[in-house]
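Novice: got a predicted structure plus its sequence, pasted below:
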Amino acid sequence: MAPAKRRLALIAFGGNALLREDQRGLQEEQVRNAEKAAQLMVGVAAKGYELIIVHGNGPQVGNLLLQQEEAANKIPPYTLDLCDAMTEGSMGYMLERAIANELRRRSIDKDVTTIVSMVLVDRNDPAFEKPTKPVGPYYTKFRAQELARKKKWTVIEDAGRGWRKVVASPKPIDVVAKWVIKDLVEAGRIVIAAGGGGIPVILNNRGLYEGVEAVIDKDYASSLIAREVGVDLFIILTAIDRVCFNFGKPDQRELPEITVDEAERYLQEGQFPAGSMGPKIKAAVEYIRAGGKEVLITDANHLKAALLGRAGTRIIRSGS
């Protein structure tokens, strides 16, 4: 008899899971948060899933860019793709260590590893023509215009708080290490990959990979990995227990389960704004439309109950 096929799950969560808004950004804070996240991740593995983990890195990259600006007169700053790689490695290490320790505490014989992942984007993506994603510190108008001139940055005034660099947010089209990720997770390893959406690269005129200054949405990158690897369950952790219809309005209604057709219709009706739930729902739709089985959207506190069908929002195929 052939061995039972392993159930594969991908969990995506934001960088604020390791660095909350009410925290100072200390290393000790992030290590403690990683330990809490590890308990959650290993709990999912204990349910019988092989795991891929994708984390955000927005707060961490922002802090790194701020550090570099403060030291810019002494040490030349790195480009954004290298900052992505640095935070993907450091956050991966914190999570990897915390998960390895949690596995040891529970006497679970399992390995965990981090893959610092290049993610390919199209160099002709329209997003490069009009950068919109603010990154890094706030500058005075004079300093921002000086940097824009010297480094060919695009800068904008940000809500009266100062001037900031803006970069493109292109759609991911390939995860370079996808087969490595697939081989590892199918061999029973927990894999941390594409942190922060991955390191954005393009193929240049010689057909070689080249880093670019851009931000890849981690939910879109997660959806891409989920499709390419063929996971059975795509979990998106967010700030709310369930997705809601008419969120924040008097007639707000929770959505325990919706089909992919309903999700697309709600998107078209403007139910899920681009700055909040929109990318998560779009990522879910892309995964389901490509043959994915099920998406679960919930918050960390309700994940256990959501896996049992008692919380969260499930997005399923039409007619499932």
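Specialist: Ah, there it is. Residues are numbered from 1 along each chain as shown.
Novice: what about the helices in this protein?
Specialist: Residue ranges of the helices in the chain, as given by DSSP state H, are 27-46, 58-70, 80-105, 141-151, 178-186, 218-229, 260-268, 278-289, 303-307.
Novice: could you dump those helices to TSV with mean neighbour count, mean pLDDT and distance to S169?
Specialist: For every residue, glycine as well, the C-beta is placed using N, CA and C. Below are the helices of the chain laid out as TSV (neighbours: other Cβ atoms under 10 Å; pLDDT from 0 to 100; distance: least, Cβ to Cβ, whole Å):
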stretch	mean neighbour count	mean pLDDT	distance to S169
helix 27-46	18	93	25
helix 58-70	18	92	12
helix 80-105	20	97	12
helix 141-151	13	91	19
helix 178-186	18	97	21
helix 218-229	25	97	9
helix 260-268	16	95	18
helix 278-289	22	96	10
helix 303-307	18	93	27
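Novice: A159: which of these is closest?
Specialist: Smallest distance to A159 across these (Cβ to Cβ): 14.1 Å, for helix 141-151.
Novice: which strands or helices does that closest one pack on?
Specialist: Counting contacts by 3 or more Cβ pairs under 8 Å, 6 or more residues apart in numbering; DSSP states H and E, helix 141-151 is packed against strand 154-157, strand 163-167.
Novice: of the helices of the chain, which approaches A194 most closely?
Specialist: When the helices of the chain are compared by Cβ to Cβ, helix 218-229 sits nearest A194, at 4.8 Å.
Novice: tell me the helices and strands packed up against that closest one.
Specialist: strand 7-13, strand 49-55, strand 172-175, helix 178-186, strand 233-237, helix 278-289.
Novice: what about dumping the CA coordinates of it to PDB?
Specialist: Provided in PDB are the C-alpha atoms of helix 218-229 (Å, rounded to 0.1, in the frame of the first residue of the first chain):
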ATOM      1  CA  LYS A 218       3.700  38.900   0.900                       C
ATOM      2  CA  ASP A 219       0.200  37.700   0.400                       C
ATOM      3  CA  TYR A 220       0.600  37.600  -3.400                       C
ATOM      4  CA  ALA A 221       4.000  35.900  -2.900                       C
ATOM      5  CA  SER A 222       2.400  33.400  -0.500                       C
ATOM      6  CA  SER A 223      -0.400  32.700  -3.000                       C
ATOM      7  CA  LEU A 224       2.200  32.000  -5.700                       C
ATOM      8  CA  ILE A 225       4.100  29.600  -3.600                       C
ATOM      9  CA  ALA A 226       0.900  27.900  -2.500                       C
ATOM     10  CA  ARG A 227       0.000  27.400  -6.200                       C
ATOM     11  CA  GLU A 228       3.400  26.300  -7.400                       C
ATOM     12  CA  VAL A 229       4.000  23.800  -4.500                       C
END
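Novice: can you give me the angle that helix makes with strand 49-55?
Specialist: Calculated by axes from the mean of the first three to the mean of the last three Cα atoms, to 10 degrees, helix 218-229 forms an angle of 150 degrees with strand 49-55.
Novice: got a list of contacts for helix 218-229?
Specialist: With Cβ atoms under 8 Å, 6 or more residues apart in numbering as the test, helix 218-229 has contacts from 8, 10, 12, 14, 52, 54-57, 119, 171-175, 178, 181-182, 185, 193-198, 231, 234, 236, 279-280, 282-284, 286-287, 290-292.
Novice: now distance to R227 and mean neighbour count too, for the helices and strands packed on helix 141-151, in CSV please.
Specialist: Putting those into CSV (distance: least, Cβ to Cβ, whole Å; neighbours: other Cβ atoms under 10 Å) gives the following:
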stretch, distance to R227, mean neighbour count
strand 154-157, 31, 15
strand 163-167, 25, 21
